[in-house]
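In: Predicted model, plus sequence, below.
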Amino acid sequence: MKTKNKLLTLLILSASTATATAVINKCIKYSATSKNILSDSKPLCYKWRFGNIHYTKTGTGKPLLLIHDLTACSSGYEWNQMINYLKEQYTVYAIDLLGCGRSEKPDLTYTNYLYVQMISDFIKSEIGHRTNVIASGASTPLAVMACNQAPELFDQIMLINPDTLLSCSQIPNKHGKVYKFILDLPILGTLLYHIATSKRAIMEDFANNFYNPYSVKTSLVDAYYESAHLGESPKSLYASVRCNYTKCNIVNALKKIDNSIYIIGGCEMENINELIREYQTYNPAVESSLIGNSKYLPQLENPSELYRVIQMFFA
């Protein structure tokens, strides 16, 4: 009888904890998205087969596609300052990748090939011409692979602080698959995701990735925080990225590409010169330069200097 009562008590406590956690998760999501920072007065939508893709189109001139970093917190908001510089010379397309920002966030495993196909399909459907591309951070391998598979869609490519070739080559291991299984759990996984994408965690990421962490504005943190909590299943991309499902070995693609490639590095990035030389080993035609007073995201830290380099490369 005592054992039965203990089991019943344990069951009630477990159910109460699960219910309370679910309520907390809903409150976090509501609070994160209540400011509508990312709302767009003239939203554009590409109806892709795996989900609707949000994008903006601004300016006139030769098409230029901007691809933001591949994290659960990232979105086309990353390019807002750059668009103001670029719109006088280019027709600027800034997309929110599937699973990011204002685009749909279906509950699926996000892979490199999913994004490679998405980028190519977007160019064919919405741009309709060969386009220059600027990709940032963990999205740079996707742009390289897409260009290798459909070179007729791409003109010149700029990579901002690309992943190392070793990092690109990582694959999901047993530990990663177990962790993804936990993250996919509806209550516990969502709670872990909310901890990983809390305002404090985002601020710490910016502190590590900015040359001057004191320059990080509250509005920027709020925008990234909102981006991380919009949509049906924002944690699905986080789980896929965290467990290396979005990685791809780009060495062969890098060797084959005839398109002009330009690497931009933040001058305060650790080992950035070694990374650039690594890329040039496989493609000697790769050009590069470093942006002063910046680290991982020069488009946010030093947009005017980045714009100067863009003008020089895409001239």
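Out: The structure has been received and is ready for your questions. Bear in mind the structure is a predicted one, so any value in this text is a computation, not a measurement. Numbers count the residues shown, from 1 in each chain.

In: Chain neighbours aside, what residue packs nearest to Ser125?
Out: Tyr46 (6.2 Å; Cβ to Cβ, 6 or more residues apart in numbering). Quick note: C-beta positions are derived from backbone N, CA and C, even for glycine.

In: Measure how buried that neighbour is and give me the count.
Out: 17 (other Cβ atoms under 10 Å).

In: on contacts alone, who are the packing partners of the helix or strand where it lies?
Out: Assessed by DSSP states H and E, Tyr46 sits inside strand 44-48. The helices and strands touching strand 44-48, judged by 3 or more Cβ pairs under 8 Å, 6 or more residues apart in numbering; DSSP states H and E, are strand 51-58, helix 112-122.

In: tell me the pLDDT at Ala18?
Out: Per-residue pLDDT puts Ala18 at 55.

In: correct me, but the residue nearest to Ser125 touches Ile53?
Out: Yes. Here Tyr46 reaches Ile53: they are 4.2 Å apart, a contact under Cβ atoms under 8 Å.

In: And Pro298, its phi and psi?
Out: Backbone torsions for Pro298, taken as degrees, to the nearest 10, come to phi -60, psi -20.

In: just to revisit the earlier point, among the helices and strands packed on strand 44-48, which comes closest to Gln299?
Out: For Gln299, the closest of the helices and strands packed on strand 44-48 is strand 51-58, at 14.9 Å, according to Cβ to Cβ.

In: which helices and strands does the helix or strand that that closest one is followed by pack with?
Out: Downstream of strand 51-58, the first helix or strand assigned by DSSP H and E is strand 62-67. If contacts are counted by 3+ Cβ pairs under 8 Å, 6+ apart, strand 62-67 sits against helix 80-86, strand 90-95, helix 112-122, strand 131-136.

In: neighbouring contacts of strand 62-67?
Out: Strand 62-67 is contacted by residues 76, 79, 82-83, 86, 89-95, 97, 119, 122-123, 127, 129-136, 139, 142-143, 314 when judged by Cβ atoms under 8 Å, 6 or more residues apart in numbering.

In: Tell me the buried residues within these.
Out: Buried members of the contacts of strand 62-67, counted by 16 or more other Cβ atoms under 10 Å: 76, 79, 82-83, 86, 89-95, 97, 119, 122-123, 127, 131-136, 139, 142-143, 314.

In: Report the contact partners of Gln280.
Out: Val286, Ser288 are the contacts of Gln280 under Cβ under 8 Å, 6+ apart.

In: buried set for the helix or strand that it is a member of?
Out: For Gln280, the element it lies in under DSSP H and E is helix 272-282. For helix 272-282, the neighbour count (16+ other Cβ under 10 Å) marks Ile272, Leu275, Ile276, Glu278, Tyr279, Gln280, Tyr282 as buried.

In: show me where pLDDT drops low in the protein?
Out: Within the chain, the segments meeting pLDDT under 70 span 1-27, 30-31.

In: would you list every one of the helices in it?
Out: 2-33, 80-86, 112-122, 140-149, 165-168, 174-183, 188-196, 199-209, 218-227, 235-242, 251-256, 272-282, 298-301, 303-313 (DSSP state H).

In: Leaving out sequence neighbours, find the closest residue to the residue positioned nearest the centre of the chain.
Out: Centroid check for the chain by Cα atoms, centre = their mean gives Leu70 as the closest residue, at 2.0 Å. Spatial nearest neighbour of Leu70, excluding adjacent residues (Cβ to Cβ, 6+ apart): Ala138 at 3.9 Å.

In: can you count the residues close to that neighbour?
Out: When neighbours are counted by other Cβ under 10 Å, Ala138 comes out with 20.

In: List the contacts of it.
Out: Contacts of Ala138 (Cβ under 8 Å, 6+ apart): Asp69, Leu70, Thr71, Asp163, Val241, Thr246.

In: Go again with 7 Å.
Out: For Ala138, the contact set (Cβ atoms under 7 Å, 6 or more residues apart in numbering) comprises Asp69, Leu70, Thr71, Asp163.

In: Of these, which is the most crowded?
Out: For those, neighbours tallied by other Cβ under 10 Å; top is Leu70, 25 neighbours.

In: any idea how far it lies from Asn212?
Out: According to Cβ to Cβ, to the nearest Å, Leu70 and Asn212 sit 24 Å apart.

In: about what we covered before: select, out of the helices of the chain, the one closest to Asp40.
Out: Asp40 lies closest, by Cβ to Cβ, to one member of the helices of the chain: helix 80-86, at 11.1 Å.

In: what packs against the closest one?
Out: strand 90-95, helix 298-301, helix 303-313 (3 or more Cβ pairs under 7 Å, 6 or more residues apart in numbering; DSSP states H and E).

In: Thr246 versus the residue nearest to Ser125, what's the distance?
Out: 20 Å.

In: hang on, the earlier thing: ok, which of the helices and strands packed on strand 62-67 comes nearest Ala32?
Out: helix 80-86 (19.2 Å).
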